[in-house]
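Asker: Turn this into a model:
(2 chains)
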Amino acid sequence: MSVKRTAIGPSDLLVLAAAIAQGGIEVIDLTHTLAPDFPTIVLPPEFGQCAPFRIEEISRYDERGPAWYWNNISMGEHTGTHFDAPIHWVSGKDLPDNSVDTIPVANFFAPACVIDVAAQSAANADFVLTIADVEAWERRHGRIPPRSWVLLRTDWSKRTGRDYANLVDDGQHSPGPGAEVCRWLVAERDVHGFGTETIGTDAGQAAHFNPPYPAHHYMHGKGRYGLQCLANLDRLPPTGALIVAAPLKIRKGSGSPLRVLALVARGSVP
Amino acid sequence: MTPPLAPPKRKDPLTKTRAPLLPPGARSRTAKGLAAAAAEGRFALQVCAECGAVIYPPRDACPRCLSPRLPFRDVPRDGVLLAETVIAASSDPYFRERLPWRIGTVRLDAGPSIVTHLHGDVREGDRVRLSLNLDKGGQAVAMALPTMPMLHMADDRQWRELTCDPKFRRVLVTDGRGRVGQAMAQALSQAEAAIVFVGIADSWKPFPGEAALRAIARVEIVPLDLTDTVSVGDLAGEIGGRVDIVVNTAEHVRPGGMLERTGLVVAREAIELRYFGLMRLAQSFGPALRARGADGVNSAAAFVNLLSVHALMNWPAYGVFSSAEAACLSAAQSLRAELRPGGIKVVNVFSGPLDTEWYETVPPPKVTPSALAAATVDALRRGLEDVYVGDVAEDVRARLAVNPKALERELGP
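Answerer: Residues are numbered from 1 along each chain as shown, chains lettered A, B, ... in the order given. Next up, the predicted model:
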């Protein structure tokens, strides 16, 4: 799907706003609720761990603050539905504008190509996306346009608790991209980033891939981004959704929890 | 023989819960020496350093030679019950609710005669064994017990008033993911706890021993994450009114001092789990415990902290861990004072290195999780407050009493 450059006037934004308000453009929430029991990435216990989400009441219309309710919250940068900046990975550590506070804000808007591998993932928790899978998708939906998010729909977000983390004594088992396709998506398709429904952008067993964690390695190595723990990918069209994903502006931040929204045109509204 | 305790009936919702009362609490400062012995299950009286007289009640001068040097020493605890009586009327609110109450006079083989509470199995003229215990108010009292173990002896009504026996009580073991929590659940189930609630954090993570834990009789797995205020509050909302004993088995053992590891992430985890975890448990479960200290056979009874003995003196090889444990000890002392009005005992079980993975590189002697659990159940059954489990804990305790500065120096490199 190619898009021609056209002149945009102020009224076009009003058209957009009206379409969102009236439902001609649907806004889909791709975010899990930040909650204490949402699984985080697990490392061996001798390593530092990503802090889970925590919430502590400051006051709730009580003696601590009679007319107001508010909380202190704490979490890691990679807790819940979150954004990975290039600085997160060693391969992207020296790139310019590689942390969440310096990424050009226009990059927080990008279209998405949604590759549906839900059936394969249901059959095989260790399903690995290949170049052939993407080429098959392109035969049906067209070539992936430059600077598009590639979102891997696995329906993993419909799982909960133990099934979602899917930890066994040889590690985590969840679908993700193979090494070759990650390199290819960046080099040959100039993608904006890679997004998944699982706990990481990489497969559960990606520590054993070459290079390890290829989605992190290749995406961040070329200044591209990651989104993980996404939800509702089954409600997106294969192409045409616009993703709004703006992380918190954390100084030298490697990522952040965020609200990920998709704008999807639903045609005219009565 | 003591009639066996019957499982308590379910509560009658139409009757008021009995408010916890405390027995008379006035004691001299010198008499606190009895409490120190009772807290550890020792039987100690003043022994005159000049003339060797064994003295009771506690005094500031020897009645035989007037020496002021009257240290408390462990002495033989057997004697003869000279006389017994039954108190049928009392003006003291605590005893009024517990009448009739048997007391008697025991002449110790060590010398003095003592007015004591009486176990139901002892009669005038019997040889008896005295026990010093902390009563509901935390003051030392003596009780005369049979010299030999008797059937259902622990079920005696007056004895149970001094102990925190898990039998028929409902216990919360706060963390069952590790071997300590699992051994604790097993020991408490064997001690006839009515329910052993076992907290599991991060239920999405499998853990070793899970199947065996679930198979223990009367174990109920409950979601509980001590690092999460909401989680602890939610569980207290569900079961807080029927937890009689809390046993905090959460561990966060990591080797290293402050210079071994960059940053605070691991130390913060330790403080979150251990210190704030204790505080979350106290805030969520403490008020109901304190209110239910006289709530019948399965009254609320105890809050148990498993502490490293290095809470007492830092062990730099595990320096950050030791300091987090010290914070827990201090919090436990506060909690002890705060729960005392409810007649709830705060039991601190100190141990040295455990025979678990985080002490892998530490040579023996080490305490096995099952030994720690057995010592905890024993402490509850005997109504102890401070327990030292294993050679290292006893050694640290003894050296600390003699020369704290030497111990500090010896624990370092």
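
Asker: which bits of chain B sit near chain A?
Answerer: B:202-206, B:223, B:225, B:227-231, B:263, B:265-266, B:269 (C-beta under 8 Å from any C-beta of the partner chain). The way it works is simple: take the backbone N, C-alpha and C, and place the C-beta from them, glycine included.

Asker: and which of those is nearest B:Glu238?
Answerer: B:Pro223 (9.4 Å; C-beta to C-beta).

Asker: And the top strand by length along chain B, what does it pack against?
Answerer: Across chain B, the longest stretch assigned as strand under DSSP state E is strand B:78-87. Judged by 3 or more C-beta pairs under 8 Å, 6 or more residues apart in numbering or on different chains; DSSP states H and E, strand B:78-87 is in contact with strand B:101-108, strand B:113-118, strand B:127-134.

Asker: the inter-axis angle of that strand versus strand B:101-108?
Answerer: 150 degrees (axes from the mean of the first three to the mean of the last three C-alpha atoms, to 10 degrees).

Asker: which helix in the chain runs the most residues?
Answerer: Unless you meant another one, I'm taking chain A. As assigned by DSSP state H, the longest helix anywhere in chain A is helix A:10-22.

Asker: I was thinking of chain B, sorry if that wasn't clear
Answerer: Under DSSP H, chain B gives helix B:319-339 as its longest helix.

Asker: Give the other helices and strands that that helix contacts.
Answerer: Checked by 3+ C-beta pairs under 8 Å, 6+ apart, helix B:319-339 has helix B:265-270, helix B:277-291, strand B:302-308, strand B:345-351 packed alongside it.

Asker: if I look at the nearest residue to B:Asp165 once chain neighbours are set aside, how far off is chain A?
Answerer: Take B:Asp165 and drop its neighbours on the chain: the residue closest to it by C-beta to C-beta, 6 or more residues apart in numbering or on different chains is B:Arg381, 5.1 Å away. B:Arg381 sits 34 Å away from chain A, going by C-beta to the nearest C-beta, to the nearest Å.

Asker: Quick check, B:Arg381 in contact with B:Ala191.
Answerer: Yes - counting by C-beta atoms under 8 Å, B:Arg381 does reach B:Ala191; the two are 7.3 Å apart.

Asker: what touches both of these two?
Answerer: B:165-166 (C-beta atoms under 8 Å, 6 or more residues apart in numbering or on different chains).

Asker: can you tell me which residues contact residue 254?
Answerer: Looking at chain A here, since you left the chain open. So A:Ser254 contacts A:77-78, A:84-85, A:87-88, A:99-100 (C-beta under 8 Å, 6+ apart).

Asker: wait, I meant chain B there
Answerer: Contact analysis of B:Arg254 by C-beta under 8 Å, 6+ apart lists B:266, B:270, B:318, B:320-321, B:358.

Asker: quick one on the thing from earlier: relative to strand B:345-351, how tilted is the longest helix of chain B?
Answerer: Using the same axes, to 10 degrees: helix B:319-339 against strand B:345-351 is 160 degrees.

Asker: Verify the stated contact: B:Pro7 with B:Lys167.
Answerer: No - contact criterion C-beta under 8 Å: B:Pro7 and B:Lys167 do not qualify, at 9.3 Å.

Asker: Residue 185: what secondary structure?
Answerer: Because you didn't say which chain, this covers chain A. Following DSSP: H, G, I helix; E, B strand; the rest coil, the label given to A:Leu185 is helix.

Asker: for the residue nearest the centre of chain A, helix, strand, or coil?
Answerer: For chain A, the residue sitting closest to the mean C-alpha position, by C-alpha atoms, centre = their mean, is A:Leu227 at 1.9 Å. Counting by three-state DSSP, the backbone at A:Leu227 sits in strand.

Asker: partner residues bridging it?
Answerer: A:Phe83, A:Gly195 (DSSP bridges).

Asker: my guess is it meets A:Ala85, correct?
Answerer: No - applying C-beta under 8 Å, one finds A:Leu227 not in contact with A:Ala85, separated by 11.1 Å.

Asker: Following element in sequence after the longest strand of chain B, please.
Answerer: Later in the chain than strand B:78-87, the nearest helix or strand by DSSP states H and E is helix B:93-96.

Asker: And the pLDDT for residue 130?
Answerer: You didn't say which chain, so I picked chain A. We have a pLDDT of 98 for A:Thr130.

Asker: sorry, should have said chain B
Answerer: pLDDT, B:Leu130: 98.

Asker: residues touching it, list them.
Answerer: B:43, B:77-79, B:106, B:108, B:114, B:116, B:142-145.

Asker: So which bits of stretch B:272-292 are buried?
Answerer: Buried residues in stretch B:272-292, counting neighbours by 16 or more other C-beta atoms under 10 Å in any protein chain shown, are found at B:272-282, B:284-286, B:288-292.

Asker: ugh, wrong one, I meant stretch B:333-340
Answerer: B:335-336, B:338-340.

Asker: follow-up on the earlier one: B:Pro7 and B:Lys167: which has the busier surroundings?
Answerer: B:Lys167 (21 against 12; other C-beta atoms under 10 Å in any protein chain shown).

Asker: Tell me if I'm right that that one and B:Ala191 touch.
Answerer: Yes - checked against C-beta under 8 Å, the pair B:Lys167 and B:Ala191 is within contact range at 6.3 Å.
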